Each structure stands twice: as structure tokens, then as C-alpha cells.
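> no FASTA, just this:
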């Protein structure tokens with residue numbers, strides 16, 4: 001697996017990040033949501049391949065907890081370990097900020113992501129009914145959490 005470059009997201013990345021979001025998701029975030037997250041100071045990183053953004057994540061932090069807001073890998077690069085690597089960077093940043101618990105929501109239909117999260121130590125702790133938009137109404141969100149142990 002080639003090593004891709006990871007770095008903090010900048011305002012001038014937002015158009016490319018949003019373009020990737022549109023390619024990767026049927027119900028994408030708006031450009032304004034990304035801009036608001038960046039302006040709020042949420043930790044956000046991109047994954048680059050020769051200067052082209054091929055992945056990203058955003059999380060919020062509050063009093064010992066982190067919430068993964070969005071994590072994405074370009075569809076043509078999924079299944080190659082890049083999402084796992086980006087998730088591990090996110091978790092390292094969370095540990096460095098003394099986060100004790102990380103939360104996320106995921107669609108029950110996103111079985112590959114659920115498997116990755118389970119493999120990385122996340123557990124399902126609940127369900128948010130009708131959380132996500134779907135073509136036939138709404139889809140629940142599985143709520144998952146990971147307890148972070150302090151680094152020794």
C-alpha cells in the first residue's frame with residue numbers, strides 16, 4: 001500500500017473535500033457544513049495522493065469526548081486500508097487531547113464501515129431512529145463508542 005500524505009485540512013481544501021463528499025455519498029454534506037466545522041476549529045485532516053485529496057475526517061471535541069463527524073475515502077481507494085490508517089490518526093489526535101471516549105454514528109447498511117469500527121475496538125451502544133436520509137424515507141444510525149486508554 002503506497003504511503004499517502006496526511007495533513008490538517010485548510011480552508012482552501014474545502015472545494016476539493018466537498019467534491020469528494022459528493023462522489024462518495026448519496027446524501028452528501030453541503031460545502032457550508034464543512035466550512036462551519038473548519039471555522040469552529042474542529043480537528044479536520046485530509047489524505048492526499050500526489051496533491052489530490054482522496055480522504056478526510058472531521059471530529060468535534062468536548063470535555064473528554066470526541067465525536068467523529070465525517071470520515072471518507074475516495075470510492076476508488078476504499079478497501080485498501082486508507083480508512084483504517086486515517087481512523088488511527090484521528091484516534092491518536094484524540095488521545096493527545098486527553099479524550100476518554102470516542103463516539104460515531106454509522107448507517108446499518110454500511111457493513112464495511114461497521115466491520116472496520118468493530119475491528120478497531122468500537123462497540124455498538126445504541127441506535128438513533130430515522131437518523132439518516134434514505135431513498136425510501138429515513139435510515140437509523142447505529143451509535144458506536146470506543147473507550148480510549150491513556151498512553152503509557
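Everything's here; your move. On a predicted model such as this, the values are computed, not experimentally measured, just so you know.

> Distance from the helix or strand hosting residue 83 to the middle of the chain?
Counting by DSSP states H and E, the element that carries residue 83 is helix 82-96. Mean-position distance between helix 82-96 and its chain equals 9 Å (CA atoms, centre = their mean, to the nearest Å).

> packing partners for it?
Applying 3 or more CB pairs under 8 Å, 6 or more residues apart in numbering; DSSP states H and E, one finds that helix 82-96 makes contact with strand 5-8, strand 44-49, strand 52-62, strand 65-73, helix 111-119. All C-beta atoms are positioned from the backbone trio N, CA, C, and that covers glycine.

> What are the contacting residues of the fourth one?
Strand 65-73 has contacts (CB atoms under 8 Å, 6 or more residues apart in numbering) with 20-21, 24-25, 29, 37, 42, 47, 54-60, 82-83, 86-87, 90, 94, 97, 99-104.

> thinking residue 122 is in contact with residue 145, fair?
Yes. Judged on CB atoms under 8 Å, residue 122 makes contact with residue 145 at a distance of 6.5 Å.

> from the contacts of strand 65-73, which would you call buried?
Buried subset of the contacts of strand 65-73 (neighbour count, 16 or more other CB atoms under 10 Å): 20-21, 24, 29, 37, 42, 47, 54-59, 82-83, 86-87, 90, 94, 99, 102-104.
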